[in-house]
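Asker: Predicted coordinates and the sequence they were generated for:
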Amino acid sequence: METILDIAGLTKVYPGGLKALDGVDLQIRRGEIFALLGPNGAGKTTLIGAVCGIVRVTGGSIHAFGHDLSHHWRDARRRIGLVPQELGFDMFDTVERQVAYSRGLFGCAPDPARIEEVLRSLSLWDKRKEQIRALSGGMKRRVLIAKALSHDPELLFLDEPTAGVDVELRRDMWRQIDRLRDQGVTVILTTHYIEEAQEMADRVGVIDKGRLLLVDDKDAIMARLGRTEARFRLAVPLADVPDSLCAYPLHLEDDGMTLAYRGGDGAGKGKAEIAAIAQALAKADVAYVALDQKESSLEDIFVGLVEEGAAA
Amino acid sequence: MIGWRSTYAIYRNELSRFMRTVFGSLVSPVLTTSLYFIVFGAAIGGRMSDVGGVDYGAFIVPGLLMLTLLSESTSNASFGIYMPRFTGAIYELLSAPVGVGETLLGFVGAAATKSLILASVILLTATLFVDYSIAHPFYALVFIVLVSASFSLLGFILGIWAEGFEKLQMVPMLILTPLTFLGGTFYSIDMLSEPWRTIALFNPIVYLVNGLRWTFYGQADVSIGVSLGLTLAFLATCIAIIAWIFRSGWRLRS
Ligand SMILES: Nc1ncnc2c1ncn2[C@@H]1O[C@H](COP(=O)(O)OP(=O)(O)OP(=O)(O)O)[C@@H](O)[C@H]1O
Ligand SMILES: [Mg+2]
């Protein structure tokens, strides 16, 4: 698949010595939705800033659309859109004019019909004549998105698009991203919400302390690291795991009152094994009074990885 | 290679910002100039003889115009670039396909346009108070444009340099205004006794005020060639500084 963005050995040291990016390698494929996940201060915004020309990089290279950004930035930037993490625009200007301004700034000919389309798709059309400062916070975020979409970018960065946005608006945003996917726009988004990455992304990258810990297909991550957990609350405590169940990843907890399972591959193997264990328990006459089962979310994976990264 | 659409977008955006506050932007300079005319022209001027054959009221017109041009060009341009830095809107400019050329032409062009509008308004205001004529209208226009552009560039540099509103106003208040007042706005430096006359010649504003005065009345304390040369040198210096700022990303890119 075509690589639209190729980041190699990217390093950023802020004045003061803080290493915000530490040798990041990342390839983004054309047309994918890529989620960059990481805790506060991980370096997500810095990474985006480096590609968009807001942060001066210390080392490494960035190629976009096959061109070295340090030389061919002008052409590349025309094709890149950015929705920043923080609100920043002329609050006293009207929605419509700000969005039209963005389009012009990126070198596109005026196109009122396209502006209307963008504003309508973000439910901003009714607000087009209003001063931005009169809008609610969520609506202001939409203006930022409208500005970034106004020049029809092929590669779109969304830095925490749903931070401080209510559930309904968030789902709306997801639908918007789905539409972009259909149009073939490549989207790179950052988020703290695992749910969001799980819902939207094709691939996920986990970043912490400036290092990319893991990049993989969302499903592959689940398959590799996804775990099913089950806890059988036993009627009578056991001293040992029954021999007939030795083949399964089981152990006893709570002085033998709970038989805990932890295994599977995030793709159904865990559930099947739990069913088999339940039958085996019945056959072995081990009675249980309760059964809890849960799939580990991307969040568990992420927390685990961050801990692993911290331990390493 | 210049992206003309981007340049025009910046230019228009800046002018539309100006138009939003056009009343305030024009009213205060007009009021200030009127007060100067009343105080210096009518009250004091009546007791002053002609200066080099020019009526005192008319004599101060180019000086007053220069006073307004310098302060307004500087503050317009400095606010123009400082505000986006302050509000965070600068991200868009930095991520856009624009370089130093587009940014300068856009911001400084807009600031210079505002200065020209202002200059016309000031000159119109002056006709209410005094009779004056412009001997070399073409040179006057060239000179006004040059000075507006130069000090818009200076303002642009200030707007990038400043880290707060106080700093933004510091240079115009502490340097520009005193130099302008001492720069022969209200008097000919020939009226000064030595050593003040020689000291005054080290004030660059003297050359600007006298350059503009020459275009009005065909005579001034220093030659028009020197005035023009200094203005062009100042313009070139500002452009060089801004080109460096953009290349290094100083105060713009983190
Ligand atoms: N302009 C700056 N100067 C100095 N340090 C900075 C600057 N910007 C960011 N940093 C530091 O770099 C690190 C990475 O910051 P960055 O904003 O990229 O994190 P992030 O992953 O986007 O975090 P969040 O999820 O909170 O937005 C942080 O430790 C931050 O303090
Ligand atoms: Mg961030």
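Answerer: Here it is on my side, so go on. Numbers count the residues shown, from 1 in each chain, chains lettered A, B, ... in the order given. Ligands and ions are numbered 1, 2, ... in the order given.
Asker: What residues does the stretch 1-150 of chain B have near ligand 1?
Answerer: Proximity of the stretch 1-150 of chain B to ligand 1, by CB under 6 Å from any ligand atom, involves no residues. C-betas here are computed from N, CA, C, even on glycine.
Asker: pLDDT weak spots in the stretch 1-150 of chain B?
Answerer: Low-confidence segments of the stretch 1-150 of chain B, defined by pLDDT under 70: B:45-46, B:48.
Asker: need the strands for it, in chain order.
Answerer: Listed in chain order, the stretch 1-150 of chain B contains no strands at all (DSSP state E, counting those that start in this stretch).
Asker: and the residue of it nearest ligand 2?
Answerer: residue B:91 (12.3 Å; CB to the ion).
Asker: got a list of what that residue touches?
Answerer: A:52, A:54, A:82, A:84, A:88 (CB atoms under 8 Å, 6 or more residues apart in numbering or on different chains).
Asker: tell me the contacts of residue A:37?
Answerer: A:190, A:191, A:192, A:194, A:197, A:204, A:205, A:206, A:207, A:298, A:302.
Asker: that older thread, which residue, other than its chain neighbours, is closest to the residue of the stretch 1-150 of chain B closest to ligand 2?
Answerer: residue A:84 (5.0 Å; CB to CB, 6 or more residues apart in numbering or on different chains).
Asker: quick one: pLDDT of the one you found?
Answerer: At residue A:84, the pLDDT value in this model is 94.
Asker: ok, it to residue B:251 distance?
Answerer: Using CB to CB, to the nearest Å, we find residue A:84 at a distance of 18 Å from residue B:251.
Asker: more neighbours, those two?
Answerer: When residue A:84 and residue B:251 are compared for neighbours, residue A:84 comes out ahead with 24 against 14, by other CB atoms under 10 Å in any protein chain shown.
Asker: ok, that one touching residue B:88?
Answerer: Yes: using CB atoms under 8 Å, residue A:84 is in contact with residue B:88, at 7.4 Å.
Asker: got a list of contacts for stretch B:107-125?
Answerer: B:7, B:10-11, B:14-15, B:18, B:25-26, B:29-30, B:33-34, B:37, B:61, B:64-65, B:68-69, B:72-73, B:76-77, B:80-81, B:144-145, B:148-149, B:151-153, B:155-156.
Asker: coming back round to it: drop anything exposed from the contacts of residue A:37.
Answerer: The neighbour-count test (16 or more other CB atoms under 10 Å in any protein chain shown) marks A:190, A:191, A:192, A:194, A:197, A:204, A:205, A:206, A:207, A:298, A:302 as buried among the contacts of residue A:37.
Asker: So which of these sit within strands?
Answerer: A:190, A:191, A:204, A:205, A:206, A:207 (DSSP state E).
Asker: how about these in a markdown table, adding pLDDT and distance to residue A:142?
Answerer: Written out in a markdown table, the entries for these read as follows (pLDDT from 0 to 100; distance: CB to CB, whole Å):
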| residue | pLDDT | distance to residue A:142 |
| --- | --- | --- |
| A:190 | 93 | 18 |
| A:191 | 85 | 17 |
| A:204 | 90 | 25 |
| A:205 | 91 | 26 |
| A:206 | 87 | 28 |
| A:207 | 89 | 26 |
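Asker: out of the residues you listed, who's nearest chain B?
Answerer: Ranked by distance to chain B (CB to the nearest CB), these are led by residue A:190 at 14.8 Å.
Asker: pretty sure the closest one contacts residue A:45?
Answerer: Yes: Residue A:190 lies in contact with residue A:45 (CB under 8 Å); the separation is 7.1 Å.
Asker: Can you work out which residues contact both of those two?
Answerer: A:85, A:159.
Asker: is chain A contacted by the longest helix along chain B?
Answerer: Counting residues, the longest helix found in chain B (DSSP state H) is helix B:56-87. Yes: for a cut-off given as CB under 8 Å from any CB of the partner chain, helix B:56-87 has contacts with chain A, namely B:83, B:84, B:87.
Asker: again, but for stretch B:24-40
Answerer: No: using CB under 8 Å from any CB, stretch B:24-40 stays clear of chain A, coming no nearer than 12.9 Å.
Asker: Sort out which one of the ones in strands among the buried ones among the contacts of residue A:37 lies nearest ligand 2 for me.
Answerer: Nearest member of these to ligand 2, counting by CB to the ion, is residue A:190, at 6.3 Å.
Asker: Look up how far residue A:26 lies from that closest one.
Answerer: Distance from residue A:190 to residue A:26, by CB to CB: 13 Å.
Asker: where does the stretch 151-254 of chain B have low pLDDT?
Answerer: Using pLDDT under 70, nothing in the stretch 151-254 of chain B is flagged.
Asker: residue ranges for the strands of it, please.
Answerer: Along the stretch 151-254 of chain B, counting by DSSP E, counting those that start in this stretch, no stretch forms strands.
Asker: residue closest to the middle of chain A?
Answerer: In chain A, the residue lying closest to the centroid (CA atoms, centre = their mean) is residue A:35, at 2.8 Å.
Asker: What parts of chain B come near chain A?
Answerer: B:1, B:3, B:5-6, B:8-10, B:12-13, B:16-17, B:20, B:83-84, B:87-99, B:249, B:253-254.
Asker: sorry, back to before: secondary structure of the residue nearest to the centre of chain A: a strand, I assume?
Answerer: Yes: counting by DSSP: H, G, I helix; E, B strand; the rest coil, residue A:35 is found in a strand.
Asker: count of neighbours near the residue in the stretch 51-200 of chain A positioned nearest to ligand 1?
Answerer: Closest residue of the stretch 51-200 of chain A to ligand 1, CB to the nearest ligand atom: residue A:85 (5.5 Å). Residue A:85: 18 surrounding residues under other CB under 10 Å.
Asker: and it, what are its phi and psi?
Answerer: Main-chain dihedrals, residue A:85, degrees, to the nearest 10: phi -70, psi -40.
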